[in-house]
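Chemist: Model the structure of this input:
(one chain, ligands or ions: 1)
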Amino acid sequence: MPRYDRDEIARRAGHASWREAVQATADLPQQEAGRLLGVSHPTIRVWRAELGLGPAAARPSAADTAAAFRADPDDPRHGSANGYRNLRCRCEACTAAWTAYQRDRRG
Ligand SMILES: [Zn+2]
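Modeler: Down below sits the predicted model:
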């Protein structure tokens, strides 16, 4: 026997089903979503994970993307001004590309 009925909880909070409730609150912090639906935030985490909305499904942040780029010397973006400026790589190729880019801009 489950300790609670998910759909019953969702309906009490004004949603058609627990899936709909989780999706409707997916952009909120776990604490806030839990408060709205009347469950604990670990419960929200479990529900989100079951729907593929957990942290693992989240898009990587710009910082993560840049870190992954810098850690991969075979990435074709090395040797570009973008690599130096936006992805903050300071390898020889990116630094040289940035220097050349600055030189060209000054004319
Ligand atoms: Zn680089």
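Chemist: Pull the number of nearby residues for residue 84.
Modeler: Look at residue 84: counted by other C-beta atoms under 10 Å, it has 23 neighbours. To be clear about C-beta, it is placed using only N, CA and C from the backbone, and glycine gets the same treatment.
Chemist: If we look just around the ion, which residues of the protein are in range?
Modeler: Within the chain, the positions adjacent to the ion are 78, 83, 89, 91, 94 by C-beta under 5 Å from the ion.
Chemist: Check those and tell me the two furthest apart.
Modeler: Pairwise distances across the residues of the chain next to the ion (C-beta to C-beta) peak at 7.8 Å, for the pair 83 and 91.
Chemist: still on that earlier bit, would you mind putting the residues of the chain next to the ion into a markdown table with neighbour count, secondary structure and distance to residue 49 alongside?
Modeler: Shown next, in a markdown table, are the residues of the chain next to the ion (neighbours: other C-beta atoms under 10 Å; DSSP: H, G, I helix; E, B strand; the rest coil; distance: C-beta to C-beta, whole Å):
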| residue | neighbour count | secondary structure | distance to residue 49 |
| --- | --- | --- | --- |
| 78 | 19 | coil | 36 |
| 83 | 24 | helix | 35 |
| 89 | 25 | coil | 34 |
| 91 | 14 | coil | 37 |
| 94 | 23 | helix | 38 |
